[in-house]
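K.L.:
following is a predicted model, sequence given first.
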Amino acid sequence: MDQPIELGFRFMTLADVGAVTELERLAFTTPWPHDAFVNELTKNPNARYVVALHQNKVIAYCGMWIIIDEAHITNVAVHPSYRGKKIGLRLMQKMMGVAMMFGAKSMTLEVRPSNTVARNMYVKLGFTEQGIRKRYYSDNNEDAIIMWVTLQ
């Protein structure tokens, strides 16, 4: 079995936006633009973003909004070269800890029904399917599954 990859985690800074924008482009058909991340970091008091680093390179990131006692995952991406190494799982575990640190009692996210790898990971983390958002994804009108977990 592969050794776990050595990772560091820290809050995202403006200096990371270029690398995160590139991750978005590699991971999603409708990526968030550079300015969206700048706005999240500079204008959204509810936003918390964390990057995962390997050898000082951003290889994954996750963002969330914390509103009162709920955390909503906005996006999560792992560089394609690093997928299948449990980096997404470790990053989500980190985000759950950060959410609790900021007072969140529960966490929610949307995921494509076709993204079975992500869905299985979320179930492993304790998330359960709680609803559907019809035609949520604008690139292909795919529904989104709404998942929730109680943080503890």
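P.N.:
Alright, I've got the coordinates.
K.L.:
mind listing what's buried along the longest strand belonging to the chain?
P.N.:
In the chain, assigned by DSSP state E, the strand with the most residues is strand 57-67. By 16 or more other C-beta atoms under 10 Å, the buried positions in strand 57-67 come out as 58, 59, 60, 61, 62, 63, 64, 65, 66. For glycine as for every other residue, the C-beta is placed from the backbone atoms N, C-alpha and C.
K.L.:
and these, which two are furthest apart?
P.N.:
The largest distance within these, taken as C-beta to C-beta, falls between 59 and 66 and amounts to 24.1 Å.
K.L.:
who's in contact with stretch 30-46?
P.N.:
12-14, 17-18, 20-21, 24-25, 47, 49, 63, 65-67, 74-75, 137-139 (C-beta atoms under 8 Å, 6 or more residues apart in numbering).
K.L.:
looking at those residues, which are in helices?
P.N.:
17, 18, 20, 21, 24, 25 (DSSP state H).
K.L.:
shaky segments in this protein?
P.N.:
1-3, 138 (pLDDT under 70).
K.L.:
mind listing the helices for it?
P.N.:
In the chain, the helices defined using DSSP H lie at 17-27, 34-43, 87-101, 116-124.
K.L.:
residue contacts, the nearest residue to residue 52 once chain neighbours are set aside?
P.N.:
Residue nearest to residue 52 in three dimensions, not counting chain neighbours: residue 60, with 3.9 Å by C-beta to C-beta, 6 or more residues apart in numbering. When contacts are counted by C-beta under 8 Å, 6+ apart, residue 60 touches 23, 51, 52, 76, 77, 78, 79, 82, 87, 88, 91.
K.L.:
what's the closest of those to residue 119?
P.N.:
Nearest to residue 119, judged by C-beta to C-beta, of the contacts of residue 60 is residue 88 at 11.7 Å.
K.L.:
surely that closest one touches residue 76?
P.N.:
Yes: with contact defined as C-beta atoms under 8 Å, residue 88 reaches residue 76; the gap is 6.5 Å.
K.L.:
the residue nearest to residue 8 when sequence neighbours are not counted - how many residues pack around it?
P.N.:
In this structure, residue 8 finds its nearest non-sequential neighbour in residue 53, 4.3 Å apart by C-beta to C-beta, 6+ apart. Look at residue 53: counted by other C-beta atoms under 10 Å, it has 17 neighbours.
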